[in-house]
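Colleague: What follows is a protein structure lacking sequence information:
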């Protein structure tokens, strides 16, 4: 698989929920995890793999995990601003303010519903990937004037695709 690059339209629209849990979904998850590793990422969302599906891969200290139909159900009040990059925006890094801790509801590859509470880098990865399945990129979390200064870099990225 190749990572879908800005300004592909699939990156700007909300992905569709997944209803079919089976071998095809497991194969997609495996392909996405492999792609994430090949591109040295810590997360990958369906739209970044040109898939109109709410599926994300998240790298944690315990390994890579797949989550289907993820949604944030609670965020901590504590936030942190850190620099983030994105496989769909190669070479672009911006500061993004995110909740320190989030609670996420999602499904496993078998369709089982689970809730998890995550913090630190794992929380940031979840928020970043959930943004992707909701049609948002890190540039959407950047103030307008700073985003205007990124126009040249965004044009360069657009020319890569």
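Modeller: Received the coordinates, thanks. As the structure is a prediction and not an experimental result, all values here were calculated from the model.

Colleague: Return the distance of the top strand by length along the chain from the chain's centre.
Modeller: When the chain is parsed with DSSP state E, its longest strand is strand 63-75. Centroid separation between strand 63-75 and its chain, computed with CA atoms, centre = their mean, to the nearest Å, is 10 Å.

Colleague: List the neighbouring strands of that strand plus their orientation.
Modeller: If you go by DSSP bridges, strand 63-75 pairs up with strand 55-60 (antiparallel), strand 101-107 (antiparallel).

Colleague: And the contacts of the first one?
Modeller: The list of residues contacting strand 55-60 from outside it, by CB atoms under 8 Å, 6 or more residues apart in numbering, reads 15, 18, 25, 28-29, 32-33, 36, 41-46, 64-70, 122, 125-126, 129-130, 132-133. C-beta here means a position set from N, CA and C on the backbone, and glycine is covered the same way.

Colleague: Likewise for stretch 3-17?
Modeller: In contact with stretch 3-17 (CB under 8 Å, 6+ apart) are residues 35, 39, 41, 44-55, 69, 87-90, 132-135, 137, 154, 157-158, 160-161.

Colleague: returning to that earlier point: any idea which of the strands paired with strand 63-75 is most buried?
Modeller: Stretch with highest mean neighbour count among these: strand 55-60 (a mean of 24; mean count of other CB atoms under 10 Å).

Colleague: what about it, average pLDDT?
Modeller: Strand 55-60 shows a mean pLDDT of 96 in the predicted model.
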